[in-house]
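Enquirer: The sequence isn't on hand, but the structure is:
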């Protein structure tokens, strides 16, 4: 009797062309081959973020789960963090070695009100600890407008360096963002949200490389997204307690949804924060364990900053952040917008040659507004690039059959003995059925 191996290669390779040998870390894991090194995760829940990375598919910029595709969207980045998504992209001329250290010192003096030492600067970057140490409100004069604006720029730059666009190689922050913060009255009109999402997509894609030794980017955004979408793995949160003598206050979201997770966390009834537990959960994921539209119940009570860009939440096109260009494909995750998920149009995907060109692009002494002029034109016409669909967060007939033939449902090594788990290996079972059908088709 012939044996059937559960493979991590899709039956139809037209979609996941990077799932070839040595192109995706999940292929290496499933073939029981050693990775160069287990990637480090500098922020958030390392076990959760690494398993999300294993399910990430750079070809589609989506996670592939047994229930279908899902991803972090423009809606998520605006609702969770309240970042603006309308406006021009975060793009321009990247300046590094073309300026001497005095240029950067004078820039810091003008915009931040500090004059750093030579040891605090390197190639247009400032040590994060040096910047953070200047954020203090002692002897604060709220009537000093110039001082207030300089302090605001320090806080914004610190957030940029620590949360939105953290550097993957060092713990410092680029000063190239300072010119964008010159006039704070218009700085918020730039699309910081789309740039943050582009940065997340790019770092997740790089994290799938077998030789990659670090995972970075806005991983706290990814963690909050996972907690909202997968309630069974989210910790219980106790809101901040009121001061003694005061009545208990009703919790409010405040400036953005992320405030929901600012209380004390309890993981008593959630999986252990390790790879084995999360791997079992994702392999066993069923439709009732994923929240397709988690914001519907409270979207109306969130502040306007979390909703002003809802007209482009279903945008189909490029996201830009300096040299990085990644594509936001709302048609692949229509259920996240309350629409019926039909078979997506693969013509919207980036061609392999174009993908390799974009992923290899590095920061250089060029004006990226000129380099990415075609992509910027597409972004500027975003109002005409909105995915349309019928209401109903379900699948169209034939979608799951189409999807199962073109994806990989297992995260890990198929057939490998796993520790006892409360989650059945439903994803492995689905993958087995696909492989059986493939075997019968060949016969």
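Expert: Structure's in. What do you need? Quantities reported herein were computed from a predicted structural model and do not represent experimental measurements.
Enquirer: Distance of residue 393 relative to residue 353?
Expert: Look at residue 393 and residue 353: by Cβ to Cβ, to the nearest Å, they are 35 Å apart. Using the backbone N, CA and C atoms, a C-beta is placed for each residue, glycine as well.
Enquirer: So between the two, which is more surrounded?
Expert: residue 393 (16 against 8; other Cβ atoms under 10 Å).
Enquirer: Can you tell me the SS state at the more buried one?
Expert: Three-state assignment for residue 393 (DSSP: H, G, I helix; E, B strand; the rest coil): coil.
Enquirer: remind me which residues of the stretch 251-400 of the chain are low pLDDT?
Expert: Scanning the stretch 251-400 of the chain for pLDDT under 70 picks out 251-253, 267-276.
Enquirer: Which residue ranges make up each domain of the protein?
Expert: Annotated domains of the chain cover 17-88+196-239+251-442, 101-189 [automatic domain parsing].
Enquirer: Strands of this structure, residue ranges please.
Expert: 40-41, 56-57, 62-65, 68-70, 121-122, 125-127, 172-174, 214-215, 236-238, 264-266, 316-321, 324-329 (DSSP state E).
Enquirer: Each with direction, which strands does the fifth one pair with?
Expert: Partners of strand 121-122 in the sheet, by DSSP bridges, are strand 125-127 (antiparallel).
Enquirer: so what's the spatially most central residue of the chain up against?
Expert: Nearest to the mean C-alpha position of the chain, by Cα atoms, centre = their mean, lies residue 200 at 3.6 Å. Each residue near residue 200 by Cβ atoms under 8 Å, 6 or more residues apart in numbering is listed here: 72, 217-219, 221-222.
Enquirer: I'd like to know which of these is nearest to residue 361.
Expert: Nearest to residue 361 among the contacts of residue 200 is residue 217, at 16.2 Å by Cβ to Cβ.
Enquirer: pLDDT at the closest residue to residue 278 other than its chain neighbours, what is it?
Expert: Nearest non-adjacent residue to residue 278, counting by Cβ to Cβ, 6 or more residues apart in numbering: residue 51, 4.2 Å away. For residue 51, the pLDDT comes out at 81.
Enquirer: Compute the number of surrounding residues for residue 51.
Expert: Neighbour count for residue 51, taken as other Cβ under 10 Å: 26.
Enquirer: From residue 280, how far off is it?
Expert: With Cβ to Cβ as the criterion, residue 51 and residue 280 are 10 Å apart.
Enquirer: do residue 308 as well
Expert: 40 Å.
Enquirer: Compare the two (neighbour count), which wins?
Expert: More neighbours surround residue 280 than the other of residue 308 and residue 280, with 23 against 13 (other Cβ under 10 Å).
Enquirer: Relative to residue 65, how far out is the more buried one?
Expert: Separation of residue 280 from residue 65 (Cβ to Cβ): 13 Å.
Enquirer: Where does the prediction get shaky in the stretch 1-150 of the chain?
Expert: Low-confidence segments of the stretch 1-150 of the chain (pLDDT under 70): 1-8, 20-46, 97-99.
Enquirer: run the last query once more with 80
Expert: 1-11, 19-47, 96-99 (pLDDT under 80).
Enquirer: in the stretch 101-250 of the chain, which spans are helices?
Expert: With DSSP state H, counting those that start in this stretch as the criterion, the stretch 101-250 of the chain has helices at 101-111, 128-133, 145-159, 184-187, 192-207, 219-229.
Enquirer: Of all those helices, which one comes closest to residue 172?
Expert: helix 128-133 (5.4 Å).
Enquirer: May I see the buried residues of the closest one?
Expert: Across helix 128-133, burial judged by 16 or more other Cβ atoms under 10 Å covers 128, 130-132.
Enquirer: So which of those residues is the closest to residue 226?
Expert: For these, the nearest to residue 226 is residue 128 (25.8 Å; Cβ to Cβ).
Enquirer: Name all residues that make contact with the closest one.
Expert: With contact set as Cβ under 8 Å, 6+ apart, residue 128 has these partners: 158, 161-162, 171-173.
Enquirer: Mind checking which of those are buried?
Expert: 158, 161-162, 172-173.
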